[in-house]
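Colleague: Generate a structure from the sequence data that follows.
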Amino acid sequence: MGDLLVVPIGEVENHWLQAAAACAEAMLHMPAQLLNPLPVPPSALHAQRNQYLSTSLLELLLPVGRERGARVLGVTELDLFIPILTFMFGQAQLGGRLALVSLARIRPEFYRFPPDPALTLERLRKEVRHELGHTLGLVHCGDARCAMSLSNSIVQVDAKNDSLCASCLARSQDHLRALQSGGNS
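Modeller: Numbering: from 1, shown residues only. Next up is the predicted model:
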């Protein structure tokens, strides 16, 4: 199945990287390795929006994963978007090796509330599981409590659990077993 790499894009506090790595390890049943930060490509910035194109950051992770045959979780503080969405909490390759999560909009202070590290950690776990779930072939779940449910707002993030529903968990476990027995994803 290859390695599991956690890669900061730009500056990210170590405790958030450690938390993301621990969540990824628990979900994928493999140890994670923290890599040095990758620089933010200037071309990813959309100056008018003051946001970063998430697909550009995923592309930045491609050579890291390809070189090591690894599953890669990028973690960033940058506010993400794609042209058809105002913002994103993260993005991943469906059934692929790359996932990306952003701390920007999961922090209470983004919404002008006081910092709350415990709430930020809870939200980070949900988004890490959600994006890694996509790499395991999971699509958005209709169960609003499942970590794989679609979140178009922080309210929806807060409403869901940081775990998968029984159906999504079974599908993710099937995918992991296939990978461990020699699958390529």
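Colleague: With just CA atoms, put the helix or strand harbouring L60 into PDB.
Modeller: Following DSSP states H and E, one finds L60 within helix 54-68. Output of helix 54-68 as PDB, limited to C-alpha atoms (Å, rounded to 0.1, in the frame of the first residue of the first chain):
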ATOM      1  CA  SER A  54      -6.800  23.800  -4.100                       C
ATOM      2  CA  THR A  55      -6.100  21.900  -7.300                       C
ATOM      3  CA  SER A  56      -2.800  23.700  -7.600                       C
ATOM      4  CA  LEU A  57      -1.900  22.500  -4.100                       C
ATOM      5  CA  LEU A  58      -2.900  19.000  -4.900                       C
ATOM      6  CA  GLU A  59      -0.700  19.100  -7.900                       C
ATOM      7  CA  LEU A  60       2.100  20.200  -5.700                       C
ATOM      8  CA  LEU A  61       1.700  16.900  -3.800                       C
ATOM      9  CA  LEU A  62       1.700  14.700  -6.900                       C
ATOM     10  CA  PRO A  63       5.500  14.200  -7.200                       C
ATOM     11  CA  VAL A  64       5.800  13.600  -3.400                       C
ATOM     12  CA  GLY A  65       3.300  10.700  -3.700                       C
ATOM     13  CA  ARG A  66       4.600   9.400  -7.000                       C
ATOM     14  CA  GLU A  67       8.200   9.300  -5.900                       C
ATOM     15  CA  ARG A  68       7.500   7.300  -2.800                       C
END
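Colleague: Flag every buried residue along that helix.
Modeller: 54, 56-58, 60-61, 64-65, 68 (16 or more other Cβ atoms under 10 Å). No exception for glycine: its C-beta is placed from N, CA and C like everyone else's.
Colleague: repeat for stretch 115-125
Modeller: Taking 16+ other Cβ under 10 Å as the criterion, stretch 115-125 shows 120-125 as buried.
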